[in-house]
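Q: from the sequence below, what's the structure:
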Amino acid sequence: QVQLVESGGGLVQPGGSLRLSCAGSGFTFSSYTMSWYRQAPGKERESVAHISSAGGSTNYADSVKGRFTISRDNAKNTLYLQMNSLKPEDTAVYYCRAAQRGIVRGWGQGTQVTVSS
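A: Coordinates of the predicted model:
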């Protein structure tokens, strides 16, 4: 059973940085494509970044390109999202997601990121 637990969210000032983590268990982490999504109040959940199973391929939403970096450590079964130059519009609940062969296998419970002065 896929279990995903996010951590690292919090309150940060505009221009600041945060690093989110997502610990996976109950599945072969290294065989899954991993992703970060976010959902702001009153908005639909949107894709932020994706990383292939071995970490060799990544892609990002245009809104975060050049500011966010997705990475993974398959030895630690952990996914990361380094977020720099944060803006108020980055405020959202951030979720990690595991997928295999295009089928979503699980979501984390989410971690709140608030960017405000």
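Q: what helices and strands are in contact with the lowest-mean-pLDDT helix or strand in the chain?
A: Ranked by mean pLDDT, DSSP states H and E, the helix or strand of the chain with the weakest confidence is strand 103-107, at a mean of 94. Counting contacts by 3 or more CB pairs under 8 Å, 6 or more residues apart in numbering; DSSP states H and E, strand 103-107 is packed against strand 3-7, strand 92-100. Where you see a C-beta, it was placed from the backbone N, CA and C, and this is true even at glycine.
Q: return the most buried member of the ones you listed.
A: By mean neighbour count, with neighbours taken as mean count of other CB atoms under 10 Å, strand 92-100 ranks first of the helices and strands packed on strand 103-107 at a mean of 21.
Q: partners of it, with directions?
A: strand 33-39 (antiparallel), strand 103-107 (antiparallel), strand 111-115 (antiparallel) (DSSP bridges).
Q: bridged to the residue nearest the centre of the chain, which residues?
A: Note on the chain: the residue nearest the mean C-alpha position is residue 36, at 2.9 Å, using CA atoms, centre = their mean. Beta bridges link residue 36 to residue 49, residue 96, judged by DSSP bridges.
Q: and the gap between it and residue 117?
A: Going from residue 36 to residue 117 by CB to CB, to the nearest Å gives 24 Å.
Q: quick one, which of the strands paired with strand 92-100 is nearest to residue 83?
A: strand 111-115 (7.4 Å; CB to CB).
Q: whichever strand or helix holds residue 21 pairs with which strands?
A: Taking DSSP states H and E as the criterion, residue 21 maps to strand 18-25. Here strand 18-25 has these sheet partners by DSSP bridges: strand 3-7 (antiparallel), strand 78-83 (antiparallel).
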